[in-house]
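Colleague: Only the shape, not the letters, is given here:
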């Protein structure tokens, strides 16, 4: 069990308690001063001090502006007032609902005698009669809170702010309507999230100690560590320059086919693939040869990841035609049909929407009778339909609620084309920073977080303890994910792989007897 409770990042917290109960102390200690919007402090901003009651109306007007701006940006926010006004509480709940974030009431239930003692010790005291009235009002408000519609009403306790997927609670926030289609069968195979859970390591950056000269040492070391830690798959990207989500264009980026060959030589069990090959970067015969060669030299461990491509500046820099989204998806569909022919027996001709091959031949053929094909991307109208028609797996991104919606869209497409959704593995890619405990996590965040844009960095990196990440795996599994792939912060210069290996072991142990 965790030693402290978890509060989801982006939550709007409404404090409820009388003067002297310790509301501000709790908020500053457990959530952080930058998240606290205090009516007292705003009285000092717009009036002559925190106790300038004549400035209250202006202070509360500013408070609403600040809280609304923070919630709109999905920043964790604590409203530090007495919390006694029902209209203000309703405003907070409505604001949170409008922006799709949780709204939690935190009751600071300090004994009345302690509130009076603290008040008496203050330089500026609340009049005794006023405090007595507050205590009476607090009792009534506390009794009413459970029926008001907060996502939770909790008594103040130690908390840690974590990504929503690490709270141990699942949510069902409204999602866009699914692509129209026939009703999903009542029993379409295993329900989302059942069956064997698999884990993959994604190598998206190569900033290892020693720079490029250190890669010959560190690439095989990390691959072996991943295999030893229980990962099932190992992936690289198909890019010639670094993408902006991860780094700078001039950061080191390995050619994927050569990198996968080195990873195959360093390992014996783990499966290998590119997440994903952009189909516009290679002739389909060339791509078939790359994947077949990897399968042969790895002893039958290759995946074939495919995508339509998206990073236009890279296409432009290297002289590849980018084309429209429809043209790139046409080429993806041709690849999904042609590659199995290229790897199969004989050499039949192929004519697709874009590609014409007089003969489809690739020797040596892959060792696997069927190289599994994964399609990256969550486009609901065409990409996921192509998955349903041709692929063995899809790769999704985003938080569990968004993933759940995409899985439902995929299931509808499967029903439409007459395919069992259980035949399509749902994989998920995200970045993770993992530490063994809360103290180590604080150190890692302090070491790696940027000076600016920390909220965005945290949303991208998902910093958490081993236990936090086990909860995140559970949330993804409940959303329908069967294969969790992570790009690990600190993969080259810390025991990140080993730490996530503990997540893998714990998640599998919690799964029960059907997980190997």
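Modeller: Sure, I can see it. None of the values given here were measured: they were computed from a predicted structure.

Colleague: Let me see the domain layout of this protein.
Modeller: Following automatic domain parsing, the chain resolves into domains at 5-162, 198-511.

Colleague: Deepest in the core, which of those domains is it.
Modeller: Comparing the domains of the chain on average neighbours per residue, with mean count of other CB atoms under 10 Å, the densest one is domain 198-511 at a mean of 19. Just so you know, the C-beta spots here come from the backbone N, C-alpha and C atoms, and that holds for glycine as well.

Colleague: what mean pLDDT does that domain have?
Modeller: Per-residue pLDDT values across domain 198-511 average out to 95.

Colleague: coming back round to it: how about the domains of the chain in a markdown table, adding distance to residue 168?
Modeller: A markdown table is the format used below for the domains of the chain (distance: least, CB to CB, whole Å):
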| stretch | distance to residue 168 |
| --- | --- |
| domain 5-162 | 7 |
| domain 198-511 | 5 |
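
Colleague: wait, residue 162 sits on residue 5?
Modeller: No: judged on CB atoms under 8 Å, residue 162 makes no contact with residue 5 at a distance of 9.9 Å.

Colleague: how far away is residue 346 from residue 359?
Modeller: The span separating residue 346 from residue 359 equals 9 Å under the rule CB to CB, to the nearest Å.

Colleague: right, I mislabeled it, should have said residue 15
Modeller: From residue 15 across to residue 359, the span is 72 Å (CB to CB).

Colleague: Need the single longest strand in this protein, by residues.
Modeller: Ranked by residue count, the top strand of the chain under DSSP state E comes out as strand 425-435.

Colleague: For that one, which strands pair with it and how are they oriented?
Modeller: On the basis of DSSP bridges, the sheet neighbours of strand 425-435 come out as strand 393-396 (parallel), strand 463-465 (parallel), strand 483-488 (parallel).

Colleague: Select, out of those strands, the one closest to residue 317.
Modeller: Ranking the strands paired with strand 425-435 by proximity to residue 317 (CB to CB) places strand 483-488 first, at 23.2 Å.

Colleague: thinking again about what came up before, which other helices and strands contact the helix or strand following the longest strand of the chain?
Modeller: Towards the C-terminus, the helix or strand next in line after strand 425-435, according to DSSP states H and E, is helix 438-448. Judged by 3 or more CB pairs under 8 Å, 6 or more residues apart in numbering; DSSP states H and E, the packing partners of helix 438-448 are strand 425-435, strand 463-465.

Colleague: can you tell me which of those comes nearest to residue 483?
Modeller: Across the helices and strands packed on helix 438-448, closest to residue 483 is strand 425-435 (CB to CB), at 4.0 Å.

Colleague: Taking helix 438-448 as reference, get the angle to the closest one.
Modeller: 90 degrees (axes from the mean of the first three to the mean of the last three CA atoms, to 10 degrees).

Colleague: Strand 425-435: how far from the chain's middle?
Modeller: 7 Å (CA atoms, centre = their mean, to the nearest Å).

Colleague: And stretch 59-70, by the same measure?
Modeller: Distance, centroid of stretch 59-70 to centroid of chain: 29 Å (CA atoms, centre = their mean).

Colleague: average pLDDT for that stretch?
Modeller: Per-residue scores along stretch 59-70 average to 96.

Colleague: so what's residue 161 closest to, chain neighbours aside?
Modeller: For residue 161, the nearest residue in space outside its immediate sequence neighbours is residue 7; the separation is 5.1 Å by CB to CB, 6 or more residues apart in numbering.

Colleague: Pull up the pairing partners for the helix or strand harbouring that neighbour, direction included.
Modeller: Using DSSP H and E, residue 7 maps to strand 5-8. In the sheet, strand 5-8 lines up against strand 159-162 (parallel) (DSSP bridges).

Colleague: What lies in contact with the partner strand?
Modeller: Counting by CB atoms under 8 Å, 6 or more residues apart in numbering, strand 159-162 makes contact with 2, 4-9, 11, 30-32, 35, 76, 438, 464, 468, all of which sit outside it.

Colleague: Among the residues you listed, which one sits closest to residue 497?
Modeller: Nearest to residue 497 among the contacts of strand 159-162, counting by CB to CB, is residue 464 at 15.8 Å.

Colleague: Quickly check the contacts of strand 159-162 for the two that are furthest apart.
Modeller: In the contacts of strand 159-162, two members sit farther apart than any others by CB to CB. They are 2 and 35, at 20.3 Å.

Colleague: Need the pLDDT of the most far-flung residue of the chain relative to its centre.
Modeller: Distance to the chain centre peaks in the chain at residue 129, reaching 50.4 Å (criterion: CA atoms, centre = their mean). For residue 129, the pLDDT comes out at 95.

Colleague: What strand or helix carries it?
Modeller: helix 128-144.

Colleague: Tell me which other helices or strands that helix touches.
Modeller: Identification of packing neighbours for helix 128-144 by 3+ CB pairs under 8 Å, 6+ apart yields strand 12-16, helix 112-121.

Colleague: closest to residue 375 out of these?
Modeller: strand 12-16 (37.5 Å).

Colleague: Could you check the angle the closest one makes with helix 128-144?
Modeller: In this structure, strand 12-16 runs at an angle of 130 degrees to helix 128-144, with the same axes, to 10 degrees as the basis.

Colleague: Direction included, what does strand 12-16 pair against?
Modeller: Strand 12-16 sits in its sheet next to strand 77-80 (parallel), strand 103-107 (parallel), going by DSSP bridges.

Colleague: In a markdown table: those, plus distance to residue 377 and mean pLDDT.
Modeller: A markdown table is the format used below for the strands paired with strand 12-16 (distance: least, CB to CB, whole Å; pLDDT from 0 to 100):
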| stretch | distance to residue 377 | mean pLDDT |
| --- | --- | --- |
| strand 77-80 | 34 | 97 |
| strand 103-107 | 33 | 96 |
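
Colleague: The ones you listed into JSON lines, with extra columns for distance to residue 369?
Modeller: Converted to JSON lines, the strands paired with strand 12-16 look like this (distance: least, CB to CB, whole Å):
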{"stretch": "strand 77-80", "distance to residue 369": "55"}
{"stretch": "strand 103-107", "distance to residue 369": "53"}
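
Colleague: Quick one: mean pLDDT for stretch 9-19?
Modeller: Here the mean pLDDT over stretch 9-19 is 95, rounded to a whole number.

Colleague: distance between the ends of it?
Modeller: 27 Å (CA to CA, to the nearest Å).

Colleague: what's the span of stretch 250-269, first residue to last?
Modeller: The separation between the terminal residues of stretch 250-269, taken as CA to CA, is 33 Å.

Colleague: what's in contact with that stretch?
Modeller: Counting contacts by CB under 8 Å, 6+ apart, the residues touching stretch 250-269 from outside are 203, 205-207, 211-212, 215, 219-220, 223-224, 226-227, 234, 236-242, 272-274, 277, 290, 293-294, 297-299, 301.

Colleague: List phi and psi for residue 300.
Modeller: For residue 300, the backbone dihedrals are phi 90, psi 40 (criterion: degrees, to the nearest 10).

Colleague: Now it: closest residue in space, sequence neighbours ignored.
Modeller: Here the nearest residue to residue 300 in space, its sequence neighbours aside, is residue 367; by CB to CB, 6+ apart that works out to 3.8 Å.

Colleague: cool, and residue 17?
Modeller: Once chain neighbours are set aside, the closest to residue 17 by CB to CB, 6+ apart is residue 108, at 3.3 Å.
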